[in-house]
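Participant: Turn this into a structure:
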Amino acid sequence: MANLDPSLDLGPELRGIASEKMTTGELLSALKAAGEATRLRLLVLLAAGELNVKDLTRIMGQSQPRISRHLKLLADAGLIERFREGSWVFFRLAAKGAQADMARAIVASLDLTDPDLERDRVRAEAVLRERAEAAQAYFKANAAEWDVIRSLHLAEEQVEGAVLETLGPGPFECLVDLGTGTGRMLELFASRARRAIGVDVNRDMLAYARAKLEASQLGHCQVRHGDLFGLGFADGEADAVILHQVLHYLDDPAAALEEAARILMPGGRLLIVDFAPHDLEFLRDEHAHLRLGLEPAHVEDWVTSAGLKLTSQRDLQPAQNEGAQKLTVSFWVAEKPGVPHERRAGSVALQFEGAS
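Facilitator: Numbers count the residues shown, from 1 in each chain. The predicted structure is shown next:
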């Protein structure tokens, strides 16, 4: 979820004239829906990211039926949109059309230091902190077993073979693995990268990954503590970025992809590996999955909004005899437009010799 700072600037395009026009009826409906204090607060919250009814009732201190009624009015007017993931329904500001332009213009015109909006912001941040802490507690408890957990859904050797094939042989000057976890992607690409860096926010995970890399004598691979939404890399520093089984944990995948795109050099490649949509609720309840898989249309929108070009998408489906709870794994590759930077050559083979 994006920052709810009082200085939030939604961009000049959101304050301009709508790119599309509404009928008189549509305009009156939108104005009527927005013209109420609770619904204005909802628009501000949903302008910053995706939330469900449970989140919103906690933030705003109102009953679920009341919040649901307000959300329905906003959705019927086209100012917000809803989408279902398993038993949860998420809401967000409308993405396209004249109503979306109006919703963003309304939010951009508000003083976000208003006491009610400021109180909502503080409560929203508390809700998101709880989500993050629950996920981190899970990671901490399972750091040493994370590779095993990943293998529960589809044969790991199949997934890793597809990962290598999909991203390609390289060689890569600088490969960055975001949400590196145990560092397995660094190990997998060690022979294809001059420098490989894994980033994770969980220090227990990093300690485990670091120990594995040291045991494998992969000195050109390293891990760093960092935030996916504010990476400590220069613009265009990486020529390959991996997000392997990460996005389904995030409140704001689009923001993570924007940051990944920022650190990619022109011609650089982004690989996303995640589950296809599914209905296994226990992954949310027991394993901190916020999203039950990723919808291809959502991923395409996130990639495009980040300024990248989607170049391929494929699914790795389990065999019918692998069990009902085996999940399909999806792969997306996107490239950053522009002329690729010239890679340094000559010593790459020597650098990688014996690395794997």
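
Participant: Give me the neighbour count for G25.
Facilitator: 8 (other C-beta atoms under 10 Å). For the C-beta atoms, the positions are set from N, CA and C on the backbone; glycine is no exception.

Participant: again with D55
Facilitator: A count of nearby residues for D55, using other C-beta under 10 Å, gives 24.

Participant: Assign it to helix, strand or coil.
Facilitator: Under the three-state scheme (DSSP: H, G, I helix; E, B strand; the rest coil), D55 adopts helix.

Participant: Check whether the residue lying closest to it once chain neighbours are set aside sits in a helix, strand or coil.
Facilitator: Closest residue to D55 apart from its sequence neighbours, by C-beta to C-beta, 6 or more residues apart in numbering: V127 at 5.4 Å. What three-state DSSP gives for V127 is helix.

Participant: any idea how far V127 lies from R58?
Facilitator: 6 Å (C-beta to C-beta, to the nearest Å).

Participant: quick check: domain ranges of the chain?
Facilitator: Taking automatic domain parsing as the reference, the chain has its domains at 12-136, 151-352.

Participant: Just put those domains in CSV and tack on mean pLDDT.
Facilitator: Shown next, in CSV, are the domains of the chain (pLDDT from 0 to 100):
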stretch, mean pLDDT
domain 12-136, 85
domain 151-352, 86
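
Participant: tell me the centre residue of the chain?
Facilitator: With distances taken as C-alpha atoms, centre = their mean, the chain has P253 as the residue nearest its mean C-alpha position (1.8 Å).

Participant: which parts of the longest strand that the chain contains are buried?
Facilitator: When the chain is parsed with DSSP state E, its longest strand is strand 264-275. In terms of neighbour count (16 or more other C-beta atoms under 10 Å), strand 264-275 has its buried residues at 264-265, 268-275.

Participant: for it, packing partners?
Facilitator: Strand 264-275 sits against helix 156-167, strand 238-244, helix 253-263, helix 296-305, strand 329-335, with contacts defined as 3 or more C-beta pairs under 8 Å, 6 or more residues apart in numbering; DSSP states H and E.

Participant: swap the cut-off to 6 Å and go again
Facilitator: Here strand 264-275 touches strand 238-244, strand 329-335, going by 3 or more C-beta pairs under 6 Å, 6 or more residues apart in numbering; DSSP states H and E.

Participant: Helices of the chain, residue ranges please.
Facilitator: Using DSSP state H, the helices of the chain run over 24-34, 37-47, 53-60, 64-76, 98-109, 115-142, 146-150, 156-167, 184-188, 203-215, 253-263, 281-287, 296-305, 348-352.

Participant: which of those helices is buried the deepest?
Facilitator: Using mean count of other C-beta atoms under 10 Å, the stretch among the helices of the chain with the greatest mean number of neighbours is helix 184-188 (a mean of 23).

Participant: Show residues contacting that helix.
Facilitator: By C-beta atoms under 6 Å, 6 or more residues apart in numbering, the list of residues contacting helix 184-188 from outside reads 160, 177, 196, 198, 221, 242, 244.

Participant: Mind doing that once more with 7 Å?
Facilitator: By C-beta atoms under 7 Å, 6 or more residues apart in numbering, the surrounding residues in contact with helix 184-188 are 147, 160, 163-164, 177, 180, 196, 198, 212-213, 216, 218, 221, 242, 244.

Participant: between these, which is nearest R82?
Facilitator: H244 (29.0 Å; C-beta to C-beta).

Participant: Y249 and A288 touch, don't they?
Facilitator: Yes: Y249 lies in contact with A288 (C-beta atoms under 7 Å); the separation is 6.5 Å.

Participant: out of those two, which sits in the busier spot?
Facilitator: Neighbours of Y249 and A288, each counted by other C-beta under 10 Å, are more numerous for Y249; the result is 21 against 18.

Participant: Roughly how far does that one sit from L206?
Facilitator: Y249 sits 16 Å away from L206, going by C-beta to C-beta.

Participant: Of the contacts of helix 184-188, which is the nearest to A260?
Facilitator: Nearest to A260, judged by C-beta to C-beta, of these is I242 at 9.1 Å.
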